[in-house]
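Enquirer: Predicted model and sequence below, questions to follow.
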Amino acid sequence: MSKKLLEVQDVLVNFGGVTALNKVNLHVSEGEIAALIGPNGAGKTTVFNIVTGYYTPTSGRVIVDGESVLGLRPYQIARKGLGRTFQNIRLFGDMTAAENVATAADSLNKSGLVGSLFGGPRSRRDEAASMEKAHELLRFIGLDHRALQMAKNLPYGDQRRLEIARALALNPKVLLLDEPAAGFNPQEKIELGELIRKIRDRGFAVLLIEHDMSLVMDISDRVSVLDFGQKIAEGTPVEIQKNQRVIDAYLGVAEDAS
């Protein structure tokens, strides 16, 4: 049985009088592409914000590789093994593609603030290693030809992929992708699916939120479904497609209304 790398256990989230998540349980295991789907407002991004430390749950637990991460800051949780992208692109626009990725890699270095400020030998070695890693990741995702271009000047699809490379620079145990296909054309979605499989085959587990059901059903090993903050189903893509409760809540409506 594969090791569980991320576990969400009985997580309850109340915002004022509204229950955003109601005793939700989820997990992501080694070597797995898991998907989290549901209508807008179902609580999907709230799950991501809980597990990455942007929100604190009312109750429940979040476990990363066997260790609780509740109460930790987002950067501390990233160091524990979670990397994520966001619905809205959050690149450093006035930095090159390579610099964006190297900055993420550099956050794991131990030369410290003083070493960085004064450019000590260890700091210089760390910076060189971070830039080498950045170029390797850009080659991996097919953006090596964009390495020296400013992030703000990249085409939209390349900016999305650059965000993935930056998240991978953190060496995450689990990569969380929040609507990675948003705004993509059909060919770009096919290429994204191939990239996510490559990421999984490289040893990363993946949890994605996505509205494009053809992509979800094509690449996912397991799918969890949220509706009004509750998990209403979980299973293989085939099982989910046949689940009447899921069809009624989500799959039965037009994709552009989801």
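Expert: That came through, no problem. Please read all numbers here as calculations on a predicted model, not as lab measurements.
Enquirer: Low-confidence stretches in the chain?
Expert: Judged by pLDDT under 70, the chain has its weakly predicted residues at 1, 109-123, 252-258.
Enquirer: need the longest helix for it.
Expert: helix 121-141 (DSSP state H).
Enquirer: So which residues of the stretch 51-200 of the chain form helices?
Expert: 74-80, 97-106, 112-118, 121-141, 156-168, 186-201 (DSSP state H, counting those that start in this stretch).
Enquirer: helices or strands next to the fifth one in the packing?
Expert: It refers to helix 156-168. Packing partners of helix 156-168 (3 or more Cβ pairs under 8 Å, 6 or more residues apart in numbering; DSSP states H and E): strand 82-84, helix 97-106, helix 121-141, strand 174-178, helix 186-201. The C-beta positions use only the backbone N, C-alpha and C, and glycine is treated the same way.
Enquirer: what would these look like in TSV with distance to I63 and mean neighbour count?
Expert: Below are the helices and strands packed on helix 156-168 laid out as TSV (distance: least, Cβ to Cβ, whole Å; neighbours: other Cβ atoms under 10 Å):
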stretch	distance to I63	mean neighbour count
strand 82-84	11	24
helix 97-106	24	23
helix 121-141	27	17
strand 174-178	11	24
helix 186-201	21	16
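Enquirer: Which one, of the ones you listed, ends up nearest to Q244?
Expert: Evaluated over these, closeness to Q244 peaks at helix 186-201, with 27.0 Å, by Cβ to Cβ.
Enquirer: Give me the neighbour count for the residue lying closest to D227 once chain neighbours are set aside.
Expert: Distances taken as Cβ to Cβ, 6 or more residues apart in numbering place A249 nearest to D227, at 4.4 Å, with adjacent residues excluded. The number of residues packed near A249 is 20, by other Cβ atoms under 10 Å.
Enquirer: Next: G93.
Expert: When neighbours are counted by other Cβ under 10 Å, G93 registers 13.
Enquirer: Just checking the distance from stretch 182-198 to the centre of its chain.
Expert: Computed by Cα atoms, centre = their mean, to the nearest Å, the chain-centroid distance of stretch 182-198 equals 15 Å.
Enquirer: Restrict that stretch to CA atoms and write it as CSV.
Expert: Coordinates of each C-alpha in stretch 182-198 appear next as CSV, following Å, rounded to 0.1, in the frame of the first residue of the first chain:
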residue,chain,number,x,y,z
ALA,A,182,-7.7,27.7,-16.8
GLY,A,183,-7.5,29.7,-20.0
PHE,A,184,-5.8,26.9,-22.0
ASN,A,185,-6.9,25.9,-25.5
PRO,A,186,-7.5,22.2,-26.3
GLN,A,187,-3.9,21.5,-27.4
GLU,A,188,-2.4,23.3,-24.4
LYS,A,189,-4.6,21.1,-22.1
ILE,A,190,-3.3,18.0,-23.8
GLU,A,191,0.3,19.2,-23.3
LEU,A,192,-0.5,20.0,-19.6
GLY,A,193,-1.8,16.5,-19.0
GLU,A,194,1.4,15.1,-20.4
LEU,A,195,3.4,17.4,-18.2
ILE,A,196,1.5,16.4,-15.1
ARG,A,197,2.1,12.7,-15.9
LYS,A,198,5.8,13.5,-16.3
